[in-house]
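K.L.:
Sequence and predicted structure, then a few things I'm wondering about:
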Number of protein chains: 4
Amino acid sequence: MAVIEMNALSTILCGSFSAKVFLPEMDKLQLDEEGMNKKYPVLWLFHSDGGTSMDWLTTPAEKCAVSNGIFVIAADVQHCLCTNMKYGPKYEEFMAKEFPGICRNNLPISDKSEDNWIGGVGTGAYGAVKAALEHPEIFSACIAMDGIYDMDKICKRAKTGETVVCHNEESLKAVFGNIDQIKESENDVFSLAKKCSGGKFYITGAKGSVYRDEAVALSNLLKDRAVYIETDETEADFSCMSTMKNAVAWLCGK
Amino acid sequence: MAVIEMNALSTILCGSFSAKVFLPEMDKLQLDEEGMNKKYPVLWLFHSDGGTSMDWLTTPAEKCAVSNGIFVIAADVQHCLCTNMKYGPKYEEFMAKEFPGICRNNLPISDKSEDNWIGGVGTGAYGAVKAALEHPEIFSACIAMDGIYDMDKICKRAKTGETVVCHNEESLKAVFGNIDQIKESENDVFSLAKKCSGGKFYITGAKGSVYRDEAVALSNLLKDRAVYIETDETEADFSCMSTMKNAVAWLCGK
Amino acid sequence: MAVIEMNALSTILCGSFSAKVFLPEMDKLQLDEEGMNKKYPVLWLFHSDGGTSMDWLTTPAEKCAVSNGIFVIAADVQHCLCTNMKYGPKYEEFMAKEFPGICRNNLPISDKSEDNWIGGVGTGAYGAVKAALEHPEIFSACIAMDGIYDMDKICKRAKTGETVVCHNEESLKAVFGNIDQIKESENDVFSLAKKCSGGKFYITGAKGSVYRDEAVALSNLLKDRAVYIETDETEADFSCMSTMKNAVAWLCGK
Amino acid sequence: MAVIEMNALSTILCGSFSAKVFLPEMDKLQLDEEGMNKKYPVLWLFHSDGGTSMDWLTTPAEKCAVSNGIFVIAADVQHCLCTNMKYGPKYEEFMAKEFPGICRNNLPISDKSEDNWIGGVGTGAYGAVKAALEHPEIFSACIAMDGIYDMDKICKRAKTGETVVCHNEESLKAVFGNIDQIKESENDVFSLAKKCSGGKFYITGAKGSVYRDEAVALSNLLKDRAVYIETDETEADFSCMSTMKNAVAWLCGK
């Protein structure tokens, strides 16, 4: 298994962060003198709230890196819904700006948007779609697996006392500030999908999931920018086990 | 080097956490049949905000575990000032209740207060002192190295726009809620030192540090419950490199 | 993901070793006072030569630990064919004696043979079967996935200059000493299967694999002590992705 | 702490290896567009037999990387005395050729000999000196801390049944083949020091150590290519805690 665990300092997060980096295999890397200046495409991945970058170790992420000759880089984004927190670090800025910059200084990866793709699962899919919509100059395509997108609904459920996607009312306030005004805000991906015109999206939903309809609705809003794939998963498991290979092949134009 | 990296799930943190566990060496562990029921003393350590549990790898923490025949366990406590966050997870509850419980189920460590000690460096020392004062039934002694204690002063500096101990005004609000009413609150260790009567404290301050006077003031308030040690460190480095061995020896009654 | 990475010292290996420990989830661990003395069953796993304990992160090992309420512990056993090396460390002794002892002192696991099972994949399956046959007092059952068993054949191929299971002639001599006398020796699992009477075995083979016939032959020699399962895997991947859940369920009597 | 843990595949080792990479801090890395093509100097470090790359976490290795703006890269080299094993992997070839090549493809490090330095502690110092003497076209300078150099003496002691530097007679045979003919062989650094003319060496010895005289003898043979520094350490600890900063400053021409 070719994987790097990176621990480094972030100015934006005011502290350390951890990331996993899956390498293209050595036979894909060009080991000759000239090859050392080649820059590889990279898929940036975000886990769901309540998880960590370690979750990707149990998915085909590493195989996808190897078989497509790309880097796959997954940061720990903690408990922030991939969002610039109202009370806390600016995670979206970290994800879209600082983290790629740190990695580009340490790894032979391309900084061209056509070689930079973003993806996620669960609330990480929400973050990936949001970042792809807002930063098409950085990420040209997005894979969103079993996403949880409707933050307005999440906030309403939390206000009834429910713990949802590992959040409660207080922690959602720390992320969004006013949790009564998500709709049409910068944190509403449905609204962003209408406003922002760029990007290409590969969106999966699981037939039995309560979040399946959100994925469909998002795909519809994105119109021909989105491919929607429905999976049969009946398990509680996120379906990225089965869909990730196809999603990454789609990114790589295969 | 005998060290465990533990990744597990926390209900209180609503997600995964990471910890480092330094083991007493094998020759200290009693390897015979009966020995398997021995329970070891444990020092719980907290890093400073902006750091991680990995920071303890560069200190004598491992040597202290080995030479004293104790477990030393350091959790990642992120960016929370070891506090039950107003907008975010309840870290103090995690540190004092859930995390020891998880570890006691997985490691041969004692649950008696006389065998449970808490310690920290920087803002981790603040958290350790606070936890020791509030939970003497859990932690019987505390080592606080180069502590940063005056949260009222920290909040006032942050309100001027300064970034201090890796926090700004918003992130301090996420931790404390109202940052204008720290004094005499449950987050004011000077106030707690007067109110709470239990515990034994080993407090170090560095001669040249801007935080030295806070350590002295805290020691004075704790009266004969505290030992105060001043170090000569002139470097930016926390002095735990030189003082930790003595501090742990003091815990172990040597 | 609940996983421990353990780094500790081994007397037998004359140095450090690394291991991954997958924990039963917290809701399976009994968190009350009395529960702290419960000892859990444990599956000891060995990777194939050329791999590391990290390989298990991409398998259902963690899910098997959680869903069955057992510990799954996987050591790094390097490049030794799980064997007491002629020129090098005594890995079989480490696997069967020292390593379980170290873990029993650090984790709440049972030392009864009926609660201790061994398993492996590739050459790790060879090592697991060998250890189960030779140490029935330690391991009561064994799961051997896509095993590579015929060391005599491996040695003969290596003598022609071929690199096989990540070994060449010299490295096989380091492991076995005389590589012309594997048959009927203590390193011949087919011979051991006839001589040793204990154990229960769950053996899988992949339909398309060149090693499939070895698994069948071993199963036949073990007679009614073995269950043989054939898988359809057509990929180069070891089939433990699909068979591991069933194998562990079999261990747990489900 | 800015550190990478790399796990990747080696053709020469026929398997996975692990390494720690200490990064120059972000403010040393040039984060502008052009800076991304800068290549940094690198210090390659080797631990002593019986240890792992993790040992470097407790030394000033990370601080040396940061304060000098260089990469410090430490591979796990197991139990091989940094030598092309007679019966086992060719570690010297791995250290001097394959591993730097893998890293150069993944990290922005220079491949010029004047920017590549090698170092080690204990038997890792033996390996570092040997590699620097044999490969001056790769490594232009060497820091050798508390080295253990006299392999002939080690082998003689092992033949009496003693375990020395974590080796016994058999494991030394696996490394060297004929352990009666170390002197004047390619594994005798004293002999190499006379034969090979290149390199610059910073050699430290501890006053109270049984290996101190070997360090002095080696320095004398290297004549004006070597700087010899004697330390006062009385502890069992390797002295790299105190000498490493000076050694790295010397490498960086400070």
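P.N.:
On my side now, so go ahead.
K.L.:
So A:Ser171: helix, strand or coil?
P.N.:
helix (DSSP: H, G, I helix; E, B strand; the rest coil).
K.L.:
Quick one: neighbours of the nearest residue to it once chain neighbours are set aside, just the number.
P.N.:
Once flanking residues are discounted, A:Ser171 sits nearest to B:Gly88: 5.5 Å by C-beta to C-beta, 6 or more residues apart in numbering or on different chains. Any C-beta I mention is one placed from the backbone N, CA and C, and that applies to glycine too. B:Gly88: 29 surrounding residues under other C-beta atoms under 10 Å in any protein chain shown.
K.L.:
Please verify my assumption that B:Gly88 contacts B:Val175.
P.N.:
Yes. If you go by C-beta atoms under 8 Å, B:Gly88 and B:Val175 touch, sitting 7.3 Å apart.
K.L.:
hey, what's in contact with both of those two?
P.N.:
B:Cys80 (C-beta atoms under 8 Å, 6 or more residues apart in numbering or on different chains).
K.L.:
tally of neighbours for the residue lying closest to A:Ala132 once chain neighbours are set aside?
P.N.:
Sequence neighbours aside, A:Cys142 is the residue nearest to A:Ala132 in space, at 3.7 Å (criterion: C-beta to C-beta, 6+ apart). Neighbour count of A:Cys142, defined by other C-beta under 10 Å: 29.
K.L.:
give the contact list for A:Tyr40.
P.N.:
A:Pro24, A:Leu29, A:Gly69, A:Ile70, A:Phe71, A:Pro108, A:Ile109, A:Ser110, A:Asp115.
K.L.:
wait, I meant A:Ser67
P.N.:
Here A:Ser67 is in contact with no residue (C-beta under 8 Å, 6+ apart).
K.L.:
Just the pLDDT at it, thanks.
P.N.:
pLDDT, A:Ser67: 88.
K.L.:
How far away from the center of its chain is the helix or strand hosting it?
P.N.:
Per DSSP states H and E, A:Ser67 falls inside helix A:61-68. Here helix A:61-68 is found 17 Å from its chain centre; the criterion is C-alpha atoms, centre = their mean, to the nearest Å.
K.L.:
Chain neighbours aside, what residue packs nearest to the residue in chain A positioned nearest to chain C?
P.N.:
At 4.3 Å from chain C, A:Leu57 is the closest residue in chain A, using C-beta to the nearest C-beta. Of all residues not flanking A:Leu57 in the chain, C:Leu57 sits nearest, at 4.3 Å (C-beta to C-beta, 6+ apart).
K.L.:
what about the one you found, which SS state?
P.N.:
Applying three-state DSSP: C:Leu57 is helix.
K.L.:
and the residue lying closest to A:Pro41 once chain neighbours are set aside, what is it in contact with?
P.N.:
Residue nearest to A:Pro41 in three dimensions, not counting chain neighbours: A:Asp115, with 4.0 Å by C-beta to C-beta, 6+ apart. If a contact means C-beta under 8 Å, 6+ apart, then A:Asp115 has A:Lys39, A:Tyr40, A:Pro41, A:Val42, A:Ile109, A:Ser140 as its contacts.
K.L.:
Please produce JSON lines containing these, extended by distance to A:Glu186.
P.N.:
As requested, the contacts of A:Asp115 are exported to JSON lines (distance: C-beta to C-beta, whole Å):
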{"residue": "A:Lys39", "distance to A:Glu186": "31"}
{"residue": "A:Tyr40", "distance to A:Glu186": "31"}
{"residue": "A:Pro41", "distance to A:Glu186": "28"}
{"residue": "A:Val42", "distance to A:Glu186": "25"}
{"residue": "A:Ile109", "distance to A:Glu186": "28"}
{"residue": "A:Ser140", "distance to A:Glu186": "21"}
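K.L.:
which of those residues tops the neighbour count?
P.N.:
Going by other C-beta under 10 Å, A:Val42 tops the contacts of A:Asp115 with 26 neighbours.
K.L.:
who's that residue bridged to?
P.N.:
A:Phe71, A:Asn116 (DSSP bridges).
K.L.:
Would you mind giving me the confidence score for it?
P.N.:
On the pLDDT scale, A:Val42 gets 97.
K.L.:
any idea how far chain B is from it?
P.N.:
24 Å (C-beta to the nearest C-beta, to the nearest Å).
K.L.:
ditto for A:Val72
P.N.:
In terms of C-beta to the nearest C-beta, A:Val72 sits 20 Å off from chain B.
K.L.:
For that residue, grab the count of nearby residues.
P.N.:
29.
K.L.:
Not counting residues beside it along the chain, what's closest to the closest residue to chain B within the stretch 151-254 of chain A?
P.N.:
Nearest residue of the stretch 151-254 of chain A to chain B: A:Ala174, at 3.3 Å (C-beta to the nearest C-beta). Nearest residue to A:Ala174, sequence neighbours excluded (C-beta to C-beta, 6+ apart): B:Tyr87, at 3.3 Å.
K.L.:
ok, the one you found touching A:His79?
P.N.:
No. In this structure, B:Tyr87 is not within contact of A:His79 by C-beta under 8 Å, at 11.0 Å.
K.L.:
Mind listing the shared neighbours of those two?
P.N.:
The contact lists of B:Tyr87 and A:His79 share A:Ser171, where a contact means C-beta under 8 Å, 6+ apart.
K.L.:
what about stretch A:98-107 and chain B, any contact?
P.N.:
No. Contact of stretch A:98-107 with chain B (C-beta under 8 Å from any C-beta of the partner chain) is absent, the minimum separation being 14.9 Å.
K.L.:
is that stretch anywhere near chain D?
P.N.:
Yes. Contact of stretch A:98-107 with chain D (C-beta under 8 Å from any C-beta) involves A:Gly101, A:Ile102, A:Arg104, A:Asn105, A:Asn106, A:Leu107.
K.L.:
Pick out whichever of those residues sits closest to chain B.
P.N.:
A:Ile102 (16.1 Å).
K.L.:
is it true that that closest one lies in a helix?
P.N.:
Yes. Counting by three-state DSSP, A:Ile102 falls inside a helix.
K.L.:
any idea how far it lies from A:Phe17?
P.N.:
9 Å (C-beta to C-beta, to the nearest Å).
K.L.:
Which neighbours do those two have in common?
P.N.:
With C-beta under 8 Å, 6+ apart, A:Ile102 and A:Phe17 have common neighbours A:Ala8, A:Ser10.
K.L.:
separation between A:Met6 and A:Met85?
P.N.:
22 Å.
K.L.:
Quick check: phi and psi on A:Ala8?
P.N.:
phi -150, psi 180 (degrees, to the nearest 10).
K.L.:
Also the one 4 residues further on?
P.N.:
Listed backbone geometry of A:Ile12 is phi -70, psi -40, with angles given as degrees, to the nearest 10.
K.L.:
Quick check, it in contact with A:Glu93.
P.N.:
Yes. With contacts counted by C-beta under 8 Å, A:Ile12 reaches A:Glu93, the gap being 5.6 Å.
K.L.:
picking up where we left off before, of the contacts of A:Tyr40, which pair is most distant in space?
P.N.:
A:Leu29 and A:Asp115 (15.2 Å; C-beta to C-beta).
K.L.:
Now do the helices in the stretch 51-200 of chain A.
P.N.:
A:61-68, A:91-93, A:99-106, A:123-134, A:151-159, A:169-176, A:189-195 (DSSP state H, counting those that start in this stretch).
K.L.:
Would you mind telling me which of these is nearest B:Leu192?
P.N.:
Among the helices of the stretch 51-200 of chain A, the nearest to B:Leu192 by C-beta to C-beta is helix A:169-176 (23.2 Å).
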